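Asks: Dropping a prediction and its sequence here:
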Amino acid sequence: MTTAQSEGGFAFFFFFFGHLSPDFESDEFRNFCTACYRVLRFKPTLTLAGLQAVLEVVAQEQPVDYDEFSRLLGLDYAATTAQAGLLSDGRGNKTGLKLLKRVPGSNRQQKQLIPSRTGRAVASLFAAAPAGGLDDPSVERLRQAVLPALRRIRHEAPGLSLSALCILLFITQNNDGFCYEGNPAKTIAEALQLTNLPRLLLQLSDEPSDMSGLGLIVLRKSAKDRRVTIPALSDAGASLMARLAADLRIKPPSPIRKPKAASLRNAASPAEVRTSFDDDDFDIIWPGDEPSS
């Protein structure tokens, strides 16, 4: 670990101020992250809108006609039919993802959608379903926790891809490694098997580029090697992740604690941030509206 001389001894060299929330440590958040990573590897072309669509159909527990599908996703009819084709057996010359099935409706012209076996398996990952598959409690979890979290992400970060969401989740889960150990961004590409990491990082950041960044992460060059880029959540990114994590726990978001620079300079190791810092060593960020006193 890199250290820096300070009065009274040595303090560790910090790269960023890490964001801490108890909701980031929860089983619900951890399960959601794992599900996203697995689905990204399994269906790399699946969009967040498509993922929401599959889970919405599963949560209905009955065939969904195109009018209802359109209402659930907030799409016009043309976009609805395109989404249904891409998620089922294809559209035009595009191969479908086989996550939904199109089945006959009440008349010859009507089509309805049901989840395929693969679509139900995807839903089982997000619902933390038992080994036997989706049961009533796990379907209810989709309705009450997972789908609200996905809707929030799509509303507050429109255009975010599943790959970009996975990067945000990975940075959140590995906060200490990036902020205090200086782990390089390339570890994200290796863990998530991404080939377009630099472009995705620019989309997520507010770095000057040919695209409009979302400002959800900040990027810094390592002081030890300027060729190495180190990512971390911005305050806005941490706030969004905290609200998502709270949705998954069906509760209001917890305040985010951000270590103060002076406290970090006086710490002997990253472990002290979690074990020895008290409330005065942190700045507090409220993910939503700050509660009234």
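Replies: It's in.
Asks: for the closest residue to residue 115 other than its chain neighbours, helix, strand, or coil?
Replies: In space, and not counting its chain neighbours, residue 115 is closest to residue 58: 4.8 Å by C-beta to C-beta, 6 or more residues apart in numbering. All C-beta spots, glycine's among them, are computed from the backbone N, C-alpha and C. State at residue 58, reduced to three classes by DSSP: H, G, I helix; E, B strand; the rest coil: helix.
Asks: Residue 58 and residue 138, how far apart?
Replies: Remark: distance between residue 58 and residue 138 (C-beta to C-beta, to the nearest Å) = 10 Å.
Asks: Give me the more crowded residue out of these two.
Replies: Neighbour tally, residue 58 and residue 138, criterion other C-beta atoms under 10 Å: the higher count belongs to residue 58, 26 against 18.
Asks: can you tell me how far the more buried one sits from residue 72?
Replies: Plainly put, residue 58 is 11 Å away from residue 72 if you go by C-beta to C-beta.
Asks: cool, and residue 116?
Replies: To residue 72, residue 116 is 18 Å away according to C-beta to C-beta.
Asks: same question, residue 91
Replies: Distance of residue 91 to residue 72, given as C-beta to C-beta: 19 Å.
Asks: What ranges does this protein have for its helices?
Replies: Ranges of helices in the chain, per DSSP state H, are 27-42, 48-60, 66-73, 77-87, 117-127, 136-141, 147-156, 162-173, 175-179, 186-192, 197-204, 235-248, 261-265, 271-275.
Asks: Show me what the longest one is packed against.
Replies: Meaning helix 27-42. helix 117-127, helix 162-173, helix 186-192, helix 235-248 (3 or more C-beta pairs under 8 Å, 6 or more residues apart in numbering; DSSP states H and E).
Asks: State the mean pLDDT of it.
Replies: For helix 27-42, mean pLDDT is 97.
Asks: One more: the second one?
Replies: Per-residue pLDDT over helix 48-60 has a mean of 96.
Asks: what sits up against that helix?
Replies: For helix 48-60, the external contacting residues (C-beta atoms under 8 Å, 6 or more residues apart in numbering) are 39, 64, 68-69, 72-73, 83, 86-87, 97, 99-100, 113-115, 119-120, 122-123, 126, 134, 139, 142-143, 146-147, 150-151, 153-154, 160-162, 165.
Asks: As CSV, the helices and strands packed on helix 27-42 with mean pLDDT, distance to residue 256 and mean neighbour count would be great.
Replies: Listed next are these as CSV, based on pLDDT from 0 to 100; distance: least, C-beta to C-beta, whole Å; neighbours: other C-beta atoms under 10 Å:
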stretch, mean pLDDT, distance to residue 256, mean neighbour count
helix 117-127, 96, 24, 20
helix 162-173, 97, 11, 22
helix 186-192, 96, 21, 15
helix 235-248, 96, 5, 23
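Asks: Output the ones you listed as CSV; include the columns distance to residue 281.
Replies: Formatted as CSV, the helices and strands packed on helix 27-42 follow (distance: least, C-beta to C-beta, whole Å):
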stretch, distance to residue 281
helix 117-127, 36
helix 162-173, 21
helix 186-192, 28
helix 235-248, 17
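Asks: any idea how far residue 27 is from residue 267?
Replies: Between residue 27 and residue 267 the computed distance is 29 Å (C-beta to C-beta).
Asks: which one of those two has more residues nearby?
Replies: Using other C-beta under 10 Å as the criterion, residue 27 and residue 267 rank with residue 267 on top: 20 against 10.
Asks: quick one: pLDDT of that one?
Replies: For residue 267, the predicted pLDDT is 82.
Asks: contacting residues for residue 104?
Replies: By C-beta under 8 Å, 6+ apart, residue 104 lies in contact with 110-112.
Asks: Quickly list what it is bridged to.
Replies: residue 111 (DSSP bridges).
Asks: That one and residue 65, how far apart?
Replies: Residue 104 is 11 Å from residue 65, by C-beta to C-beta.
Asks: swap in residue 265?
Replies: Distance from residue 265 to residue 65, by C-beta to C-beta: 61 Å.
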